[in-house]
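Student: this is the structure alone, sequence omitted:
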């Protein structure tokens, strides 16, 4: 070991040995080195091989010591310190993770009981190969969960990065050419050094690079051995589970997806993150209903507001802006596109061609969490989308409104992944799904030429069939739907235009008048293609000119909207 340290630390000695080897002035150099050191040649190379296996050094050629390189963190530690114990050697080679700030109870959406029970039992039995893989979208709290698990098991958590030594200090090698290889070497070294420790646990964040680089910088078999024989328990984290081959995944003892917590969990996290900022409870409730909001975004927004020194409304404004900017930059900001209606939904104005008793059956399904699938068809503005929102609000169910932009991707295969992820999240959080303008998502496969388009429809149909929560789908063009869609829905409701009496009642409501003139009533009865959406347009017009008497132009506006829905007529013999 002393010779290898001197060889790696002394550039002149290294150049001399390389020159002797290159010119063959001293054949079988290692034999002479062993003679000078008074060690057996076989034992000499066995020692070098052991150092390499335990991560202390690397060597390209087994039978040639001139290729042995002691890793910089190890070499620096050995040169700078008089070491009397292994603990002294280990001390500066470890990077301790920050302590967790949460408890397992604050992860109710994750099966922490399974993870914690397994960890405690495996640690007590001193099992080998204790590896847990946590995966999921960025910012969902995977690292914080790992730290919380370490706290729960009373273990010190150390992070595994690619490392180098600069002026005697251990630093992350962010731009290293072979950083994955360095991480694996460091992981092997730390596993060896901590093999006798009963108080340690390792964390490998963004671990996908270690697996994707296998066979390029090191063998897959080496990674397999680490996963099967490691003595120190290890938690691995990735945002990209798809980059890990099945041969790696099946070697983890536990694989757990860490999804985003529901809004109530986020509120609890917000209470802690915004402590001292004097933000209102209403603001926190409203903020935590934003789609795709994550614990990391909440924590960061609270940090920014606290750093600036803001409180109350000023803090709320900054927190909201920071959160929305982060989501917008990630392509995840959708809450500003939520459903809005100028007129409150009135179930009495929903005209369906089927038996009205079906509406009671659908209400029963939502009230008792039955997996009803409802397809709403009909002209625009008849209240299809509003009906789904009305029902979920009535029965206090959370609704996920799905549009094309929420699932479609420019990358082949990613759209199907988005669909699967959406349904999986809704299932886990027991949310109702509304597929708005479903004709653009479930278009007939007979007219599709691209294979990936057919795959997307297939994925949707499969997910719909497996979904056990209420599901709504709305379309203005049911003729465009794939034939397999209809049989997957329990209720198929055809929404129709308003009756004359309904149109008259809405006219009086929107214009706030008690009686209609005979001319107004006669004109309204002639308009047979009016919808609640047409009266919503009239209500919006009133917002723009609140002092104007809109009664004078209301019939004209409604007649124009009615005319747009008239079927086109043919001329002469042309059909």
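Tutor: Noted; the coordinates are in hand. Owing to the predicted nature of the structure, the values given are computational and were not obtained by experimental measurement. Numbering: from 1, shown residues only.
Student: buried ones in stretch 288-306?
Tutor: For stretch 288-306, the neighbour count (16 or more other CB atoms under 10 Å) marks 288, 290-302, 305-306 as buried. (Glycine included, C-beta is placed from N, CA and C.)
Student: from residue 254, how far out is residue 145?
Tutor: Applying CB to CB, to the nearest Å, the value for residue 145 to residue 254 is 12 Å.
Student: the two: which is more packed in?
Tutor: When residue 145 and residue 254 are compared for neighbours, residue 145 comes out ahead with 26 against 16, by other CB atoms under 10 Å.
Student: list the contacts of the one helix or strand the more buried one maps to.
Tutor: Taking DSSP states H and E as the definition, one finds residue 145 inside helix 142-152. Here helix 142-152 makes contact (CB atoms under 8 Å, 6 or more residues apart in numbering) with 97-104, 106-107, 110, 112, 115-116, 119, 132, 134-136, 156-157, 201, 203, 205, 235, 237, 258, 295.
Student: among those residues, name the ones in helices.
Tutor: 112, 115-116, 119, 295 (DSSP state H).
Student: narrow those to just the buried residues.
Tutor: Neighbour-count burial (16+ other CB under 10 Å) is assigned, among those, to 112, 115, 119, 295.
Student: which residue ranges of the stretch 101-250 of the chain form strands?
Tutor: 131-135, 156-159, 163-166, 169-172, 200-204, 234-238 (DSSP state E, counting those that start in this stretch).
Student: ok, and residue 400, which helix or strand is that part of?
Tutor: Residue 400 belongs to strand 399-402, assigned by DSSP H and E.
Student: filter the contacts of helix 142-152 down to the buried ones, ChimeraX style.
Tutor: The buried residues among those can be selected in ChimeraX (16+ other CB under 10 Å) with this line:
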select :97,100,102,104,106,107,110,112,115,119,132,134,135,136,157,201,203,205,235,237,258,295
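Student: returning to that earlier point: identify the farthest-apart pair in the ones in helices among the contacts of helix 142-152.
Tutor: Comparing all pairs in these by CB to CB, the longest separation belongs to 119 and 295, at 21.7 Å.
Student: checking my notes, residue 276 in a strand, right?
Tutor: No. Using DSSP: H, G, I helix; E, B strand; the rest coil, the assignment for residue 276 is coil, not a strand.
Student: pLDDT score for the closest residue to it other than its chain neighbours?
Tutor: Excluding its sequence neighbours, the residue lying closest to residue 276 (CB to CB, 6 or more residues apart in numbering) is residue 306, at 7.1 Å. Per-residue pLDDT puts residue 306 at 95.
Student: which secondary structure elements does the helix or strand hosting residue 306 contact?
Tutor: Take DSSP H and E as the rule and residue 306 turns out to sit in helix 295-308. If you count contacts as 3 or more CB pairs under 8 Å, 6 or more residues apart in numbering; DSSP states H and E, helix 295-308 packs onto helix 263-273, helix 312-329.
Student: next one: residue 511 from residue 348, what distance?
Tutor: Separation of residue 511 from residue 348 (CB to CB): 19 Å.
Student: these two: which has the busier surroundings?
Tutor: Legend: neighbour count by other CB under 10 Å for residue 511 and residue 348, higher for residue 511 (17 against 8).
Student: ok, that one - contacts?
Tutor: Here residue 511 is in contact with 538, 550-551, 554 (criterion: CB under 8 Å, 6+ apart).
Student: switch to 10 Å and redo it
Tutor: Listed by CB atoms under 10 Å, 6 or more residues apart in numbering, the contact set of residue 511 reads 520, 535, 538-539, 542, 549-551, 554.
Student: got the confidence number for the residue nearest in space to the middle of the chain?
Tutor: Against the mean C-alpha coordinate of the chain, by CA atoms, centre = their mean, the closest residue is residue 137 at 2.4 Å. Per-residue confidence (pLDDT) for residue 137: 85.
Student: what secondary structure does residue 419 sit in?
Tutor: Going by three-state DSSP, the secondary structure assigned to residue 419 is helix.
Student: and the contacts of the helix or strand hosting residue 405?
Tutor: Taking DSSP H and E as the criterion, residue 405 maps to helix 404-407. Contacts with helix 404-407, where a contact means CB under 10 Å, 6+ apart, come from 291, 331-332, 334, 337, 400, 414-422, 435-438, 440-441, 456, 459-460.
Student: could I have the PyMOL command that selects the buried members from those?
Tutor: Here is the PyMOL command that selects only those of those that count as buried (16+ other CB under 10 Å):
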select buried, resi 291+332+334+400+415+416+418+419+422+435+436+437+438+441+456+459+460
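Student: in strands, which of the contacts of helix 404-407 fall?
Tutor: 400, 435 (DSSP state E).
Student: how does the chain divide into domains?
Tutor: According to automatic domain parsing, the chain comprises the domains 2-70, 104-257, 263-337, 347-494, 500-564.
Student: looking at those domains, which one has the lowest mean pLDDT?
Tutor: Mean pLDDT, when computed for each of the domains of the chain, is lowest for domain 2-70, at a mean of 68.
Student: quick one, helices of the stretch 351-500 of the chain?
Tutor: With helices called from DSSP state H, counting those that start in this stretch, the stretch 351-500 of the chain shows them at 357-367, 384-394, 404-407, 414-429, 451-466, 483-486, 500-511.
Student: and those helices, which is most packed in?
Tutor: helix 384-394 (a mean of 21; mean count of other CB atoms under 10 Å).
Student: against which helices or strands is that one packed?
Tutor: Counting contacts by 3 or more CB pairs under 10 Å, 6 or more residues apart in numbering; DSSP states H and E, helix 384-394 packs against helix 357-367, strand 373-377, strand 399-402, strand 432-435, strand 471-475, helix 532-544.
Student: so residue 154 touches residue 99, yeah?
Tutor: No. Using CB atoms under 10 Å, residue 154 makes no contact with residue 99, being 11.7 Å away.
Student: coming back round to it: among the helices of the stretch 351-500 of the chain, which comes closest to residue 493?
Tutor: helix 357-367 (6.7 Å).
Student: tell me how far that closest one lies from the chain's centre.
Tutor: Remark: helix 357-367 is offset 33 Å from the chain centroid, using CA atoms, centre = their mean, to the nearest Å.
Student: shift numbering so it begins at 305
Tutor: In the new count, where the first residue is 305, that last one comes out as helix 661-671.
Student: separation between residue 563 and residue 353?
Tutor: Counting by CB to CB, the separation of residue 563 from residue 353 is 45 Å.
Student: more crowded one of these two?
Tutor: Legend: neighbour count by other CB under 10 Å for residue 563 and residue 353, higher for residue 563 (17 against 14).
Student: residue contacts, the more buried one?
Tutor: Contacts of residue 563 by CB under 10 Å, 6+ apart are 413-414, 440-441, 444-445, 725, 728-729, 732-733.
Student: coming back round to it: of the contacts of residue 815, buried ones?
Tutor: Neighbour-count burial (16+ other CB under 10 Å) applied to the contacts of residue 815 gives 824, 839, 842-843, 846, 854, 858.
Student: can I get those in TSV including distance to residue 491?
Tutor: Output for the buried ones among the contacts of residue 815, formatted as TSV (distance: CB to CB, whole Å):
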residue	distance to residue 491
824	80
839	66
842	68
843	64
846	68
854	72
858	74
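Student: between these, which sits nearest residue 568?
Tutor: residue 843 (34.1 Å).
Student: isn't the closest one right up against residue 862?
Tutor: No. The criterion here is CB under 10 Å, and residue 843 misses it with residue 862 at 12.0 Å.
Student: who touches both of those two?
Tutor: Joint contacts of residue 843 and residue 862 (CB under 10 Å, 6+ apart) are residue 810.
Student: distance check, residue 696 against residue 702.
Tutor: 7 Å.
Student: thanks a lot, see you next time.
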